[in-house]
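Peer 1: Sequence and computational prediction follow.
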Amino acid sequence: MTTFLKGHGTQNDFVIIPDPENGIELSAAAVAALCDRRAGIGGDGVLHVVRSAAHPEARAMAAEAEWFMDYRNGDGSIAEMCGNGVRVFARYLQHAGHVGEGDVAVATRGGVKRVHIDKEGLITVDMGKAALPEGAVTVSVGERTWPATNVNMGNPHAVAFVDDLAHAGTLYDPPPFAPANAYPQGVNVEFVVDRGPRHVAMRVHERGSGETRSCGTGACAVAVAAARRDGLDPALTGAPVTYDIDLPGGRLTITERPGGEIEMTGPAVIVAEGMIDTDWFAAIETVNP
């Protein structure tokens with residue numbers, strides 16, 4: 001039997017697989033089966049919890065961060081980062097007694113992330129700095145096309161400001177983008193409407209997962225794009241700027257500082273713990289080697 005937990009951050013939900021010594025082989029098929037909402041446990045992705053020193057992709061970060069978030073999208077593909085996932089990952093480390101309130105470092109494929117767990121239960125993640133690659137991009141749904149802001153948060157995002165979130169459609173399939181070479185590995189697409197001063201709402205198609213209830217890196221990308229649109233780029237004004245971002249699963253608060261550092265604050269909850277049946281798990285690998 002393999003232990004698992006289930007957690008969510010603003011309803012972006014994850015299957016958590018504790019595996020400190022990196023002894024569990026997680027194929028893409030196994031991850032997809034775990035995330036299946038009818039035949040598996042159900043989730044937008046898998047948080048594979050491994051000590052950095054035990055994982056070849058994280059050993060170089062072991063001196064800075066004991067734990068590595070080996071994150072997988074719901075379809076089994078590997079992702080660089082997941083903002084909501086980092087908060088849930090940190091909550092798991094606290095739940096398991098590996099860390100307490102205060103500061104903790106988490107290694108990710110997008111680098112080491114600094115996390116703060118406060119006494120009220122909210123978790124703040126230092127998400128690093130955004131990059132804004134040059135070149136115009138557009139995204140489309142049906143007959144509508146919008147200009148999008150290209151923002152990289154360690155993973156790629158295209159942020160489109162729209163008049164109505166319903167214009168995003170079902171978001172079952174990835175919204176087309178142009179030019180075709182803008183995102184060779186695919187892209188997370190955010191559709192955004194204004195709700196008030198420094199307050200927006202969004203929907204997102206997450207690369208490899210479809211529409212999700214929340215996306216932490218997406219919320220950061222939206223805040224960065226909104227600040228540029230609103231003339232509030234902290235690098236130019238010299239003042240930090242904060243946006244409240246309403247997602248289908250709840251609210252995240254994003255602050256960008258004059259030096260470019262971006263902080264994301266929001267909740268993270270562990271909701272269940274159980275065991276994965278060994279025979280079921282083995283059957284997946286047999287049918288989908």
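Peer 2: That came through, no problem.
Peer 1: Could you pull up the residues touching the residue positioned nearest the centre of the chain?
Peer 2: Centrality entry for the chain: nearest residue to the mean C-alpha point is C82, 2.4 Å, by CA atoms, centre = their mean. If you count contacts by CB atoms under 8 Å, 6 or more residues apart in numbering, C82 has them with N12, G45, M69, Y71, C215, G216, T217. C-beta: built from backbone N, CA, C; applies to glycine.
Peer 1: In strands, which of those appear?
Peer 2: Residues of the contacts of C82 located in strands (DSSP state E): N12, G45, M69, Y71.
Peer 1: List just the nearest of these to M153.
Peer 2: Nearest to M153, judged by CB to CB, of these is Y71 at 13.4 Å.
Peer 1: I'd guessed that closest one sits against S77; true?
Peer 2: No: in this structure Y71 lies outside contact range of S77 using CB atoms under 8 Å: 10.1 Å.
Peer 1: Neighbour count: the two, which is higher?
Peer 2: Ranked by neighbour count (other CB atoms under 10 Å), Y71 and S77 place Y71 first, with 22 against 16.
Peer 1: Tabulate the ones in strands among the contacts of C82 (CSV), appending distance to E211 and pLDDT.
Peer 2: Below are the ones in strands among the contacts of C82 laid out as CSV (distance: CB to CB, whole Å; pLDDT from 0 to 100):
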residue, distance to E211, pLDDT
N12, 11, 92
G45, 14, 95
M69, 23, 98
Y71, 18, 96
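Peer 1: What is the most widely separated pair among the residues you listed?
Peer 2: Using CB to CB, these reach their maximum pairwise distance at N12 and M69, which is 13.9 Å.
Peer 1: And those two? Which one has more around it.
Peer 2: Between N12 and M69, counted using other CB under 10 Å, N12 has the larger neighbour count: 32 against 27.
Peer 1: So A226 sits against V200, correct?
Peer 2: Yes: counting by CB under 8 Å, A226 does reach V200; the two are 5.8 Å apart.
Peer 1: of the two, who's got more company?
Peer 2: Per other CB under 10 Å, whichever of A226 and V200 has more neighbours is A226, with 24 against 21.
Peer 1: Ramachandran angles for that one?
Peer 2: With angles defined as degrees, to the nearest 10, A226 sits at phi -70, psi -40.
Peer 1: so how far is N152 from it?
Peer 2: Distance of A226 to N152, computed by CB to CB, to the nearest Å: 16 Å.
Peer 1: Please apply the same query to C82.
Peer 2: On the measure of CB to CB, C82 and N152 end up 14 Å apart.
Peer 1: tell me the domain ranges of the protein?
Peer 2: Following automatic domain parsing, one gets these domains for the chain: 2-122+269-287, 137-266.
Peer 1: Mind checking the pLDDT average for the shortest one?
Peer 2: Predicted confidence along domain 137-266 averages 96 (mean pLDDT).
Peer 1: Next, count neighbours for E120.
Peer 2: Neighbours of E120 (other CB under 10 Å): 7.
Peer 1: Looking at it now. What's its pLDDT?
Peer 2: Looking at E120, its pLDDT is 87.
Peer 1: Over to M1?
Peer 2: On the pLDDT scale, M1 gets 74.
Peer 1: Same check on G110?
Peer 2: Looking at G110, the pLDDT reads 88.
Peer 1: can you tell me which residues contact it?
Peer 2: E80, M81, G128, M153, G154, N155.
Peer 1: May I see those arranged in CSV, with distance to G7 as well?
Peer 2: Converted to CSV, the contacts of G110 look like this (distance: CB to CB, whole Å):
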residue, distance to G7
E80, 20
M81, 17
G128, 23
M153, 21
G154, 21
N155, 20
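Peer 1: Let's see if you can find the most crowded of those.
Peer 2: Result: M153 is most packed of these (other CB under 10 Å), 26 neighbours.
Peer 1: Pretty sure that one sits against C220.
Peer 2: Yes: between M153 and C220 a contact is recorded at 5.2 Å, counting by CB under 8 Å.
Peer 1: so what sits against both of those two?
Peer 2: Joint contacts of M153 and C220 (CB under 8 Å, 6+ apart) are G83, M127, A130, I262.
Peer 1: top of these by neighbour count?
Peer 2: G83 (30 neighbours).
Peer 1: distance of that one from P176?
Peer 2: With CB to CB as the criterion, G83 and P176 are 25 Å apart.
Peer 1: What residues are bridge-paired with V193?
Peer 2: A201 (DSSP bridges).
Peer 1: That one contacts H167, doesn't it?
Peer 2: No: V193 lies out of contact with H167 (CB under 8 Å); the separation is 9.2 Å.
Peer 1: Brilliant, that's me finished.
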